[in-house]
Every structure is written in C-alpha cells, then in structure tokens.
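Trainee: please work out how this folds:
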Amino acid sequence: LQLLLNLLVTHILPPLSLAWERPEDYVMKVPPRTVKGDIVVSPVMWLFKWLPFVICMPTVVMLCLAVGVWTGTGFISGNSLVGSSRLNAVEIGRAACEIAGYLDDVGRFIDDPLPFHCKCSVREGGNPFASPE
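Mentor: Predicted structure coming up:
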C-alpha cells in the first residue's frame, strides 16, 4: 500500500499537473535540435561525470562491505568465513570456523557433537578503531 501511495504521489500526480499547464508562447516556433552525435551523454560528460562514478561507486561500496565484515568478524575474505577442514586453521587465524569431526576406518566423516568451532574477532559496536574482543 505504501508503494502504491508513493507511486501516486511521485509519478502520477506531478505529471497530471502538466496537463493543465498553459503552453509557452514559443512552443511550435523553436526548431528541433540536431541529432548528430550522442544525444544522451556527450564525451565531456562521460569523461568528467560518468567515468568517475563508474570507478568510484563500486570501489566505495566494496570498501564499506569489507570494513563492515571485518569489524563484525575479524575476516575479510569469504573463504575465511566458510568453515574450514584444515588442521589448526582457526588457531593460526586463517579461518573463522573449522568443521569438527574425524574420519573413521572406512573413510566416512563423523561429525563432532559440536560441529563448528568458531572464533571471530568482534569489535564493540562495529567500531573499526576499537580493539577486538
């Protein structure tokens, strides 16, 4: 319902007001613009407006994501956050969790009663400058 109200207020009512607007004196007297070249984005606009945005926006988003994950877990890479079966991966700081269990004589993996042993370095309040707990 809120989306419909938003649509009505922002996309339907304002254009309807244009239907009752009085026309300008010069409406049919201005010649059409030239259509040679790029109409939407000129090379100057591409160079000084779009190119910095296309480069900076993904960089800023990825840095914010990395800092947020790092302050909440102490790790940045996804491989470190997924459970690892490597021996002592948690103790040496290469993984947040290790999958606990052992292989029996036949080669089947037997789960530990507590299947994940995890250790995250959480910073209080998500503050990247606070010392990890």
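Trainee: show me where this protein dips below the pLDDT cut-off.
Mentor: Applying pLDDT under 70 to the chain picks out residues 37-39, 115, 133.
Trainee: hey, which strand is longest across it?
Mentor: Using DSSP state E to define each element, the chain has its longest strand at strand 109-118.
Trainee: what does that one rub up against?
Mentor: 83, 90, 96, 97, 98, 99, 100, 101, 102, 103, 104 (Cβ atoms under 8 Å, 6 or more residues apart in numbering). Quick note: C-beta positions are derived from backbone N, CA and C, even for glycine.
Trainee: out of those, which is nearest to residue 60?
Mentor: Closest approach between the contacts of strand 109-118 and residue 60, by Cβ to Cβ: residue 96, at 25.2 Å.
Trainee: give me the neighbour count for that closest one.
Mentor: 21 (other Cβ atoms under 10 Å).
Trainee: tell me who's in contact with it.
Mentor: So residue 96 contacts 73, 74, 75, 80, 81, 90, 118, 119, 120 (Cβ under 8 Å, 6+ apart).
Trainee: in PyMOL, how would I select just the buried ones from the contacts of strand 109-118?
Mentor: The buried residues among the contacts of strand 109-118 can be selected in PyMOL (16 or more other Cβ atoms under 10 Å) with this line:
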select buried, resi 83+90+96+97+98+99
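Trainee: among the contacts of strand 109-118, which two are most distant?
Mentor: Using Cβ to Cβ, those span at most 26.8 Å, a distance reached by 96 and 104.
Trainee: and the longest strand of the chain, what's buried?
Mentor: Those would be residue 117, for strand 109-118 by 16+ other Cβ under 10 Å.
Trainee: put the alpha carbons of that strand into CSV.
Mentor: Output of strand 109-118 as CSV, limited to C-alpha atoms (Å, rounded to 0.1, in the frame of the first residue of the first chain):
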residue,chain,number,x,y,z
PHE,A,109,33.3,-38.3,8.1
ILE,A,110,31.9,-38.4,11.6
ASP,A,111,30.5,-35.1,12.9
ASP,A,112,31.6,-33.8,16.3
PRO,A,113,28.7,-33.2,18.8
LEU,A,114,29.6,-29.5,18.4
PRO,A,115,30.1,-29.4,14.6
PHE,A,116,31.6,-25.9,14.3
HIS,A,117,34.4,-24.5,16.4
CYS,A,118,34.4,-20.7,15.6
